[in-house]
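Q: have a look at this prediction, sequence included:
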Amino acid sequence: MRRAVCPGSYDPATNGHLDIIERSAQLFDEVVVAVLINKKKQGLFSIEERLEMLREATEKLPNVRVDAWHGLLVDYCRQHDIAAIAKGLRSVSDFDYELQMAQMNRELSGVETLLMSNNPAFSFLSSSLVKEVATYGGDVSQMVPEVVHERLLAKLRERE
């Protein structure tokens, strides 16, 4: 079975993330969406909330599962027999960073990285930008899955 992981913080997941997850699901037998836990970062959503939103957003994809991980991604890949990391690229600066990470991951474990260009319709999206725009009342409904949009608005109302 060919497995890939789509790692990220997903705080929150955007339509750009979903595009890469869906396209990866067409290429691999199983895709794991791994929410990477960084204890140094305080996210808007808890890890549990992110996992729940991702499960709902990917429920139509039978070969996708959602999990969380703390530590090196290559260790997760080894423990779960995953041979590839699938990531999206929005820009040249993304490429510079992701190429270095891909080379390090391959050196550490032999895990390959598949870098996919994002759909141009989503090339400007980032979780940080979506949160910032939503915080100031901007309409991000077309930038995130519906389940994420509803919870993002609720979370921002909670914080007021």
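A: Looks like it arrived, so ask away.
Q: can you give me the helices in the chain?
A: 15-27, 47-57, 73-79, 92-109, 127-135, 146-159 (DSSP state H).
Q: so which of those gets nearest residue 64?
A: helix 15-27 (5.3 Å; CB to CB). From N, CA and C alone the C-beta is placed, and that goes for glycine too.
Q: which parts of the closest one are buried?
A: Of the residues in helix 15-27, 15, 16, 17, 18, 19, 20, 21, 23, 24, 25 count as buried by neighbour count, 16 or more other CB atoms under 10 Å.
Q: sorry, back to before: and the helices of the chain: which comes nearest residue 36?
A: helix 73-79 (6.8 Å).
Q: picking up where we left off before, by mean pLDDT, show me the worst of the helices of the chain.
A: The stretch with the lowest mean pLDDT among the helices of the chain is helix 92-109, at a mean of 90.
Q: just checking, what packs against it?
A: On a contact count with 3 or more CB pairs under 8 Å, 6 or more residues apart in numbering; DSSP states H and E, helix 92-109 meets helix 73-79, strand 84-89, strand 112-117.
Q: dump those to a markdown table, plus distance to residue 52.
A: A markdown table is the format used below for those (distance: least, CB to CB, whole Å):
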| stretch | distance to residue 52 |
| --- | --- |
| helix 73-79 | 20 |
| strand 84-89 | 22 |
| strand 112-117 | 26 |
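Q: closest to residue 152 out of those?
A: Comparing the helices and strands packed on helix 92-109 by CB to CB, strand 84-89 comes nearest, at 20.2 Å.
Q: quick one: distance of the closest one to the chain centre.
A: Relative to its chain's centre, strand 84-89 lies at 9 Å (CA atoms, centre = their mean, to the nearest Å).
Q: residues near residue 31, how many?
A: When neighbours are counted by other CB atoms under 10 Å, residue 31 registers 28.
Q: and it, what are its bridge partners?
A: residue 4, residue 64 (DSSP bridges).
Q: wait, it touches residue 82, no?
A: No: in this structure, residue 31 is not within contact of residue 82 by CB atoms under 8 Å, at 9.4 Å.
Q: what touches both of the two?
A: Here residue 31 and residue 82 have 3, 4, 5 as joint contacts, going by CB atoms under 8 Å, 6 or more residues apart in numbering.
Q: can you add pLDDT and neighbour count and give the residues you listed back as CSV?
A: Listed next are those as CSV, based on pLDDT from 0 to 100; neighbours: other CB atoms under 10 Å:
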residue, pLDDT, neighbour count
3, 97, 17
4, 98, 24
5, 98, 27
